[in-house]
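1. quick check, what structure comes out for this input:
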Amino acid sequence: MRRRNWLAIQVEVIAGSGSPLWPRPGRLFAVARSHSFAEFGTAIDTALARWDVPKQADFVLADGVRVDDSVLAKMGELNQGDQFAYVFDGTWEHLCTVIERPFDPRKTRLGGVPELPTPYWGWGTLPDQHGLRWAKDDGHKSGPRQPAQPYDDLPPLLPGWGAQ
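-> The predicted structure follows:
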């Protein structure tokens, strides 16, 4: 593993389902220059709890070039400070910034060299991909009634769970 072959890329979720997010949740990724944009897109979706995939996704580079996530274009030409966008499902917009190059993933919480692009730090609250708030949410009915005590509706598997 050579440090110069790795990038640290910050990904911030700018908008979800067409609505701006603030504060913006985000993740830091260790990405090899040999990884493809498609591999990076999959890593972003996984790290941001996207469960309804595959959906159309594109990267938009600073010069306006679009890279479809099915294309095997590599991350190799990116440099520190470069910014590009990732658009998932047409309405989820992300700002990607190369924050460090060269980068050594062994000096992160990963403790080693990952085979694929991998998140190593994150922050913020991630909204559901479809805006769902509970298991049977159809977007039209009010939510389930909250129990009088926060854990009363749970089975008594852990201390404090279940009706006392």
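
2. now the one helix or strand in the chain whose mean pLDDT sits lowest: buried residues?
-> Ranked by mean pLDDT, DSSP states H and E, the weakest helix or strand in the chain is strand 66-68, scoring a mean of 85. Residues residue 67 are the ones in strand 66-68 that count as buried (16 or more other CB atoms under 10 Å). Quick note: C-beta positions are derived from backbone N, CA and C, even for glycine.

3. ramachandran angles for the residue nearest the centre of the chain?
-> Ranked by distance to the mean C-alpha position of the chain (CA atoms, centre = their mean), the top residue is residue 48 at 3.2 Å. With angles defined as degrees, to the nearest 10, residue 48 sits at phi -100, psi 20.

4. and stretch 107-115, how far out from the chain middle?
-> 18 Å (CA atoms, centre = their mean, to the nearest Å).

5. give me the average confidence score over that stretch.
-> Stretch 107-115 shows a mean pLDDT of 89.

6. now do that stretch: distance from first to last residue.
-> This stretch, stretch 107-115, spans 16 Å end to end (CA to CA, to the nearest Å).

7. ditto for stretch 58-67
-> Start-to-end span of stretch 58-67 (CA to CA) is 6 Å.

8. how about stretch 28-38?
-> 17 Å.

9. list the buried residues for that stretch?
-> Neighbour count says stretch 28-38 has 28, 29, 30, 31, 32, 33, 35, 36, 37, 38 buried, by 16+ other CB under 10 Å.
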